[in-house]
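Peer 1: Mind folding the following:
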Amino acid sequence: MQINGKGRAGTAVGALTAAGVLVLASCSGGNDIGNGGGERENGRGGNEATSPPSTVSAGNAASEVEAQYEKVVRTVLPAVVQITTDTGEGSGVVYDSSGDIVTNAHVVAGAHRIQVTAASGGKTLDAKLVGQFAPDDIAVVKVSGGSLRPARFGDSNKLRIGQMVLAMGNPLGLSGSVTQGIVSQLNREVSTRREGAFPGATIGDAIQTSAAINPGNSGGALVTLNGEVIGIPTAAASDPQMGGSAVGIGFATPSGTVQRIAPQLIRDGRVTNSGRAALGVMVRTIIDPTSLQQTAVGVVSVTRGSGADKAGIVPGDLILQVNGTATPSQTELAEVLAKLKPGDTAKVEVQTADGSKKSVDVTLGELPGS
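Peer 2: Purely as a prediction, here's the structure:
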């Protein structure tokens with residue numbers, strides 16, 4: 001299974017949750033069921049006056065859910081915008097009243113022109129890039145002169161598997177589209193591929209949702225029924241054997257990550273505290289010329305004073321494994337490190353230039369900001 005973060009002709013892709021089915025069962029009055037011939041357990045007939053079991057009208061319950069959906073859409077959709085660049089299109093979520101808008105880094109990567117239009121329509125506004133952090137696939141752009149209303153971000157740590165969510169964005173250029181789904185799983189490790197100016201990302205705690213991912217949804221809002229944004233739809237799974245997207249499997253960057261990274265970008269234009277572990281090396285993937293298979297990660301340079309430097313790793317070494325997990329490419333290495341924290345100790349298997357192998361303990365540092 002592959003994870004895709006882009007769509008048609010460089011168009012950004014995001015998660016749009018597919019329709020989840022809500023089944024409401026109700027009990028009706030009448031004779032007791034399952035006690036034989038409609039008689040009560042005491043052997044007397046079923047015409048004795050009794051209190052009927054509690055009932056719930058399916059119609060009323062459905063109406064209540066629909067009303068809640070409508071309320072959430074009215075509240076949150078005005079904070080979802082369409083982002084159009086000279087390389088494609090995507091979505092964004094208004095972060096504050098100053099005009100800062102959160103989106104995916106891959107939506108605006110390499111763009112020279114960025115424009116924003118509210119999902120509800122209105123004047124198109126020019127935007128400028130405030131900052132981006134590719135490892136978490138988060139960027140902030142800013143508009144001025146508009147009257148965009150910010151969304152309310154919730155705590156993604158409180159999400160529950162099976163919780164109903166709404167996705168809002170601009171799939172295929174259809175601005176202001178809304179669908180429903182559920183939280184399918186939590187803390188998924190998701191890596192997206194390099195696309196143009198975007199180097200790819202590894203998200204270690206992604207929200208999996210029942211998502212039919214379409215171009216233009218990336219950077220939009222994944223919203224709970226209390227009207228809180230708890231994720232930014234980011235990527236879709238694809239199955240090469242099926243020849244396209246794997247329906248019902250989409251991923252969103254959790255709001256906890258957004259709320260950690262976005263304020264740094266707004267304040268400094270860069271990330272100064274990534275919270276992500278790093279070995280302290282620059283690497284490249286080594287391809288075997290015979291089999292054309294990825295075999296290892298080659299060390300290009302080592303940061304002076306870093307954990308790798310102190311452990312004796314030097315340029316020209318090959319990183320074969322980290323904590324017993326093979327690292328035949330930069331993606332696999334990033335996935336292993338995404339599970340670790342700065343300050344952790346990792347056991348790294350290295351092959352030196354003379355072909356010998358050794359295992360060293362590396363105290364992990366923090367991934368530098370953008």
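
Peer 1: Need the residue closest to the centroid of this structure.
Peer 2: residue 252 (2.0 Å; C-alpha atoms, centre = their mean).

Peer 1: Could you check the pLDDT of that one?
Peer 2: Listed pLDDT for residue 252 reads 92.

Peer 1: what pairs with it across the strands?
Peer 2: residue 207, residue 233 (DSSP bridges).

Peer 1: my read: it touches residue 229, true?
Peer 2: No - here residue 252 does not reach residue 229: they are 9.8 Å apart, not a contact under C-beta atoms under 8 Å. The way it works is simple: take the backbone N, C-alpha and C, and place the C-beta from them, glycine included.

Peer 1: Low-confidence stretches in the stretch 201-350 of the chain?
Peer 2: The stretch 201-350 of the chain contains residues with pLDDT under 70 at 211-215, 239-246.

Peer 1: So which residues of it form strands?
Peer 2: For the stretch 201-350 of the chain, the strands defined by DSSP state E, counting those that start in this stretch cover 201-209, 214-215, 221-224, 229-239, 244-254, 277-278, 281-287, 294-302, 318-322, 325-326, 345-351.

Peer 1: Give me the buried stretch members for the last one, please.
Peer 2: Meaning strand 345-351. Across strand 345-351, burial judged by 16 or more other C-beta atoms under 10 Å covers 346, 348-351.

Peer 1: before we move on, back to that, got any residues that touch both of residue 252 and residue 229?
Peer 2: Common neighbours of residue 252 and residue 229, using C-beta atoms under 8 Å, 6 or more residues apart in numbering, are residue 222.

Peer 1: To what extent is residue 324 buried, counted in neighbours?
Peer 2: 8 (other C-beta atoms under 10 Å).

Peer 1: That one reaches residue 347, doesn't it?
Peer 2: Yes - the criterion here is C-beta under 8 Å, and residue 324 meets it with residue 347 at 7.4 Å.

Peer 1: which residues do these two both contact?
Peer 2: If you check residue 324 and residue 347 against C-beta under 8 Å, 6+ apart, no residue is contacted by both.

Peer 1: ok, back up a step: now the strands of the stretch 201-350 of the chain in a markdown table, with distance to residue 68?
Peer 2: What follows is the strands of the stretch 201-350 of the chain, written out as a markdown table (distance: least, C-beta to C-beta, whole Å):
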| stretch | distance to residue 68 |
| --- | --- |
| strand 201-209 | 18 |
| strand 214-215 | 25 |
| strand 221-224 | 11 |
| strand 229-239 | 16 |
| strand 244-254 | 21 |
| strand 277-278 | 40 |
| strand 281-287 | 48 |
| strand 294-302 | 48 |
| strand 318-322 | 46 |
| strand 325-326 | 44 |
| strand 345-351 | 46 |
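
Peer 1: closest one to residue 367 among those?
Peer 2: strand 277-278 (4.1 Å; C-beta to C-beta).

Peer 1: Partner strands of that closest one and their direction?
Peer 2: Strand 277-278 is paired, per DSSP bridges, with strand 365-366 (antiparallel).

Peer 1: Now do the partner strand, average pLDDT.
Peer 2: In the prediction, strand 365-366 has an average pLDDT of 90.

Peer 1: Could you do stretch 62-69 as well?
Peer 2: 84.

Peer 1: so what's residue 113 up against?
Peer 2: Shown in contact with residue 113 (C-beta under 8 Å, 6+ apart): 85-86, 126.

Peer 1: Name the member of the residues you listed with the most neighbours.
Peer 2: Highest neighbour count within the contacts of residue 113, by other C-beta under 10 Å: residue 85, with 22 neighbours.
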